[in-house]
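> Build me a model from this:
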Amino acid sequence: KNLEPKPTARLDRTHDKVYDATKSVVRAVVLLSQGVQQAKIEKYVDLVKQVGLELRTLLTSVDQLVPHFPPSTHREVSSFSVFFPFGDMAELVSALKLAERYSNTALDNEGMLSAAHILAINARNLLDVVDHVRIQ
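Take a look at the predicted model:
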């Protein structure tokens, strides 16, 4: 089943750092998912680090925009960008540790796939929050 993401807001994405960073987070999650599905445990740490680096770039790009938004929207954007990444990355790292611990067993890596998927969805949700403010 081919899942297509819902379209983003109709905005000019030229030089849109938040949009580009969101795509990079999703790409890093896809690479991680492919590594997990191919059972390449030795690459998990590097792939999770890449997700973290891309997530940091996304959050930095959002932080650079917030001062340009109306003050009434700062709380909406900041609260989302502060709370989601830490919990999502913690879940992903916990799943990574479990995968490493049980790499010699038949335990599957669904937890890691699930944590990565949730992180990608929340990165996209952050883009939607930023776009919503931009449109207002």
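> For the lowest-mean-pLDDT helix or strand in the chain, which helices and strands make contact with it?
Sorting the helices and strands of the chain by mean pLDDT, DSSP states H and E puts helix 71-101 at the bottom, at a mean of 83. For helix 71-101, the packing partners by 3 or more Cβ pairs under 8 Å, 6 or more residues apart in numbering; DSSP states H and E come out as helix 41-65, helix 110-135. (C-beta placed from N, C-alpha, C; glycine too.)
> The same query, at a cut-off of 10 Å, please.
Applying 3 or more Cβ pairs under 10 Å, 6 or more residues apart in numbering; DSSP states H and E, one finds that helix 71-101 makes contact with helix 17-37, helix 41-65, helix 110-135.
> would TSV of those with mean neighbour count, distance to residue 74 and mean pLDDT be doable?
Converted to TSV, the helices and strands packed on helix 71-101 look like this (neighbours: other Cβ atoms under 10 Å; distance: least, Cβ to Cβ, whole Å; pLDDT from 0 to 100):
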stretch	mean neighbour count	distance to residue 74	mean pLDDT
helix 17-37	19	15	90
helix 41-65	18	10	90
helix 110-135	18	9	89
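> Tabulate those (CSV), appending distance to residue 71.
Converted to CSV, these look like this (distance: least, Cβ to Cβ, whole Å):
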stretch, distance to residue 71
helix 17-37, 19
helix 41-65, 13
helix 110-135, 11
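> So for residue 11, which of these sits nearest?
helix 110-135 (6.3 Å; Cβ to Cβ).
> and the closest one, what other elements does it pack with?
Right, helix 110-135 is packed against helix 17-37, helix 41-65, helix 71-101 by 3+ Cβ pairs under 10 Å, 6+ apart.
> now the angle between helix 71-101 and that helix, please.
170 degrees (axes from the mean of the first three to the mean of the last three Cα atoms, to 10 degrees).
> Find out how far helix 110-135 is from the centre of the chain, if you would.
How far helix 110-135 lies from its chain's middle: 6 Å, per Cα atoms, centre = their mean, to the nearest Å.
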